[in-house]
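Colleague: Requesting a structural model of the entry that follows:
(chains A and B)
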Amino acid sequence: MAIDPKYSELVTNIENGDEDGGIEAAKGLLESGVDPLDIVQDAIMPCLKEIGDRFARMEVFLPEMMLAADVVKGVQDVLRERFSAIEVASEGRVVIGTVFGDIHDIGKNIVAAVLEANGYEVHNLGVNVDPKDFIKKAREVDADLIGLSSLMTTSIPYMRDVIDLVKESEVDRDRFKLIIGGGPVSEETVELTGADGWGENAADAVDAVRALMESG
Amino acid sequence: MQNQSRLLDIVDRAYDGPPCEERDFDLKHVAAGVARVVKEYDIGFDRSTFIQRDDDMIDRLFEASLDFLESCGVYNATTGRRMLFTGREIKEYVASAPKEAVIGEGRDAHTEVYRSVEDPRPPTIIGSPIGSPLSEDMYVPIMQSYIQEPIVDTTTPGTLDSTYGREPRTQSPYEVVAAWQEVDLIFDAARRAGRPGMSIGCVQMAISEIGHLSAISRGGYRPVDWHSIAMFSEMKVNNGLLIKVAHSVRTDGVIQSFYNPILGGLGGGEEGVAVLIVAGLMAMQLMYMAATHSSAPVTPLIPADTVPQLLRSMSAAHSALSRHTGMMTDLPISPLAGPGTETLLYEVVAAATVGTVCGASRLMGPRSATGVHLNHCTGLEARFMGEVGHAVTGTSREQAEEVVQRAVARYEPELTGKPFGKPFAELYDVAKVRPNAEWLGIYDEVKEEVASWGVDFG
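Modeller: Modelled structure (predicted):
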């Protein structure tokens, strides 16, 4: 989808990771009377989608995605400040982290960045996350989905701990979808852990998250 | 090589270095640092080839990596500080890397050596599924299938899928039990193969320092085994890893370091990955006092290091380290395909050829079928990896490039599929630990084809 030329300054600043420039461009658009929801839907979302697609083609990389996400967060803050009654659109809220016992973060950060690039609100808990902390954060932000990452076979049991905590809770069972990913994860791991889905790689993770969200 | 004074100096830096937020380290020091040196030193690969032969560019890659390491340092995630090293220290420590190490004992002892680009001496062959999941009942025959191959000099085991029927959770008592079960089973496999003194890369079941310290103690792994210690993510360590180093230094173990940067991650593209490999392995020489240094870069899209971009990264990185240091480097091979497929063997040809002619001291693997699928690995593919490594030893980079081009052309179309092959029990007589006719037939056919490309298997 072609982006309206009036958004070109904002889009360029998002692509270049220039947060100050992005905020100024957003303020300029607001002052010229552009509806903030239009800014989100017609500029930010398609721009982030394009960045995600470029990553899938290995034309841009994790740093560009992280910086673009920073610009968007700054712009969203401006939109909220000016129009606090307006909720910025999101594809859904995701809590993501590397499970207990594992300290690998880059693969998980790539998935987080790709999800953000595709319009999801991502809460990244980092690495070596205690199972209970996933639940706590998901409740706090009213997440739609919890994403669990592990690069170690010996951390997979901790994925199942999170999943068991959710499935055994009457409060959370129907509230949070659970998706897993990481080097040793396969279809067998999904069966073993009881996850709702899995992502084979960063691009696949987005499709899997989208499918789970659509399944209700 | 290893000493406690140096160890303490390293640990001091984890507490004395400048504090830094982790995200700032990732973006301002790693990502921006790699991007800067790639540009300033004009690092660019020839996309029409896999083996990089522009020695001027390779030399600039080395200088760029030195510059990057000095400016970036290594992040200690426990203390939240950057561990910094001066350019002089980096050069001095790297120069102190051993050019030779004896591993194993008795008649199974093996001497591994530093290798130059196009070195006439063959690389050390580590026949191994490198941590691939193995079931308890199949662990010994599978590992025996690697160790019994005469061309295999050393091994490192797979990981146990369960430990006495329980899940082997890291940082729990199960980790200690599983680490000791690994000791028991891998030494049993070595005895059955008639090679009890073979050096073993360890401890696969010990992700945390808990299992590492336990299994490398009395009655467990020996100083003549190689003790494997990682640097995680991009240019990061933590105190758990430094505890492993402290233990292995004190017990006089041969240390093997490893670090696997991600294509498309903080280093960006394939040139950035090469910078991270060179800088990362030198960093681990500084911090870990390792004898050998390993890197298996990965991609977020295809879980194999045989993709063309990574072949170029590994070619350039190993060449740079070989041309400028005496470090013994290790090229792990992680194919997408699994046993019982031609694709796996073609992937092995490409990666083993790249490693051998670009100065790697060791070829390790193959970690077949992405290292994820239970029991999808056999010793026969390790035999083939060793045979290829020996056959292309001394080959010029130009000749080797032709071999790699042919191999990649055979497997690249399969990289978007799932050619994970078959499990061990469908390709081997398990009781006799012998490959069956089906798997041997595929092996023979591919070997014959590769020989027709000019690879002399003798």
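Colleague: Could you list the residues in contact with stretch B:303-312?
Modeller: Outside stretch B:303-312, the residues that touch it by C-beta atoms under 8 Å, 6 or more residues apart in numbering or on different chains are A:58, A:183, A:201, B:45, B:47, B:49-52, B:263, B:269-270, B:273-274, B:296-299, B:314, B:332-336, B:347, B:350-351, B:354, B:370, B:372, B:404, B:408, B:411-412, B:415. No exception for glycine: its C-beta is placed from N, CA and C like everyone else's.
Colleague: Give me the domain ranges for chain A.
Modeller: A:5-82, A:92-214 (automatic domain parsing).
Colleague: Tabulate these (CSV), appending distance to chain B and mean pLDDT.
Modeller: Shown next, in CSV, are the domains of chain A (distance: least, C-beta to the nearest C-beta, whole Å; pLDDT from 0 to 100):
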stretch, distance to chain B, mean pLDDT
domain A:5-82, 4, 90
domain A:92-214, 4, 90
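Colleague: Could you look over those and pick the most buried one?
Modeller: domain A:92-214 (a mean of 21; mean count of other C-beta atoms under 10 Å in any protein chain shown).
Colleague: Need the distance between the two termini of it.
Modeller: Start and end residues of domain A:92-214 are separated by 10 Å (C-alpha to C-alpha, to the nearest Å).
Colleague: same check, this time on stretch B:95-108
Modeller: Termini of stretch B:95-108 sit 29 Å apart (C-alpha to C-alpha).
Colleague: what comes up buried for that stretch?
Modeller: For stretch B:95-108, burial by neighbour count (16 or more other C-beta atoms under 10 Å in any protein chain shown) applies to B:Ala97, B:Pro98, B:Ala101, B:Ile103, B:Gly104, B:Glu105, B:Asp108.
Colleague: now swap in stretch B:292-312 and tell me
Modeller: B:292-312.
Colleague: I'd like to know which of these are part of helices.
Modeller: Among the buried residues of stretch B:292-312, the members falling in helices (DSSP state H) are B:Pro308, B:Gln309, B:Leu310, B:Leu311, B:Arg312.
Colleague: Out of these, which is nearest to B:Trp439?
Modeller: Nearest to B:Trp439 among these, counting by C-beta to C-beta, is B:Leu311 at 25.5 Å.
Colleague: Would you mind measuring from that closest one to B:Leu241?
Modeller: Using C-beta to C-beta, to the nearest Å, we find B:Leu311 at a distance of 28 Å from B:Leu241.
Colleague: how distant is the helix or strand harbouring A:Pro46 from the center of its chain?
Modeller: Assessed by DSSP states H and E, A:Pro46 sits inside helix A:45-56. With C-alpha atoms, centre = their mean, to the nearest Å as the basis, helix A:45-56 stands 13 Å off its chain's centre.
Colleague: wait, what's in contact with the closest residue to B:Gly355 other than its chain neighbours?
Modeller: In space, and not counting its chain neighbours, B:Gly355 is closest to B:Leu331: 3.3 Å by C-beta to C-beta, 6 or more residues apart in numbering or on different chains. Neighbour list for B:Leu331: B:294-296, B:314, B:318, B:351, B:354-355, B:358, B:360, B:362-364 [criterion: C-beta under 8 Å, 6+ apart].
Colleague: Reformat the residues you listed into CSV and put secondary structure and pLDDT next to each item.
Modeller: Formatted as CSV, the contacts of B:Leu331 follow (DSSP: H, G, I helix; E, B strand; the rest coil; pLDDT from 0 to 100):
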residue, secondary structure, pLDDT
B:Ser294, strand, 97
B:Ser295, coil, 96
B:Ala296, coil, 93
B:Met314, helix, 98
B:His318, helix, 98
B:Ala351, helix, 98
B:Val354, helix, 98
B:Gly355, helix, 98
B:Cys358, coil, 98
B:Ala360, coil, 98
B:Arg362, strand, 98
B:Leu363, strand, 98
B:Met364, strand, 98
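Colleague: quick one: which of these is nearest to chain A?
Modeller: Of all the contacts of B:Leu331, B:Ala296 has the smallest distance to chain A: 11.1 Å, by C-beta to the nearest C-beta.
Colleague: Help me confirm that that closest one comes into contact with B:Phe258.
Modeller: Yes: with contact defined as C-beta atoms under 8 Å, B:Ala296 counts as touching B:Phe258 (7.3 Å).
Colleague: In three-state terms, label the residue nearest to B:Gly355 for me.
Modeller: strand (DSSP: H, G, I helix; E, B strand; the rest coil).
Colleague: hang on, B:Leu61 in a helix?
Modeller: Yes: with three-state DSSP as the criterion, B:Leu61 is part of a helix.
Colleague: So it versus B:Met328, what's the distance?
Modeller: Where B:Met328 is concerned, B:Leu61 sits at a distance of 19 Å (C-beta to C-beta).
Colleague: A:Leu10 too?
Modeller: The gap separating A:Leu10 from B:Met328 is 52 Å, by C-beta to C-beta.
Colleague: what about stretch B:37-51, start to end distance?
Modeller: Terminal residues of stretch B:37-51 are spaced 21 Å apart (C-alpha to C-alpha).
Colleague: Could you pull out the buried residues of that stretch?
Modeller: Under the neighbour-count criterion of 16+ other C-beta under 10 Å, stretch B:37-51 has B:Val37, B:Val38, B:Tyr41, B:Ile43, B:Gly44, B:Phe45, B:Thr49, B:Phe50, B:Ile51 buried.
Colleague: on that earlier part again, which neighbours do B:Ala296 and B:Phe258 share?
Modeller: With C-beta under 8 Å, 6+ apart, B:Ala296 and B:Phe258 have common neighbours B:Pro332.
Colleague: and B:Gly365, what does it touch?
Modeller: B:Gly365 makes contacts with B:126-130, B:332-335, B:348, B:351, B:382, B:385, as judged by C-beta under 8 Å, 6+ apart.
Colleague: Helices of the stretch 101-250 of chain B, start to end?
Modeller: Along the stretch 101-250 of chain B, the segments classed as helices by DSSP state H, counting those that start in this stretch run B:139-147, B:173-192, B:209-215, B:239-250.
Colleague: What helix or strand is the closest residue to B:Thr306 other than its chain neighbours located in?
Modeller: The shortest distance from B:Thr306 to any non-neighbouring residue, by C-beta to C-beta, 6+ apart, is to B:Glu347 (4.2 Å). Assessed by DSSP H and E, B:Glu347 sits inside helix B:342-357.
Colleague: Quick one: residues in contact with stretch A:18-29.
Modeller: Contacts of stretch A:18-29 (C-beta under 8 Å, 6+ apart): A:6-7, A:9-10, A:12-14, A:39, A:67, A:70-72, A:74-75, A:78-79.
Colleague: let's see 10 Å
Modeller: For stretch A:18-29, contacts defined as C-beta atoms under 10 Å, 6 or more residues apart in numbering or on different chains pick out A:6-16, A:34-36, A:38-40, A:43-44, A:67-68, A:70-79, A:81-82.
Colleague: which residues does residue 182 contact?
Modeller: Just going to use chain A. A:98-99, A:102, A:104, A:107-108, A:111, A:148-153, A:155-156, A:159, A:189, A:198-199, B:372.
Colleague: Hmm, no, I was thinking of chain B.
Modeller: Each residue near B:Glu182 by C-beta under 10 Å, 6+ apart is listed here: B:134, B:139, B:143, B:157-160, B:163, B:168, B:200, B:202-206, B:211, B:215, B:220-221.
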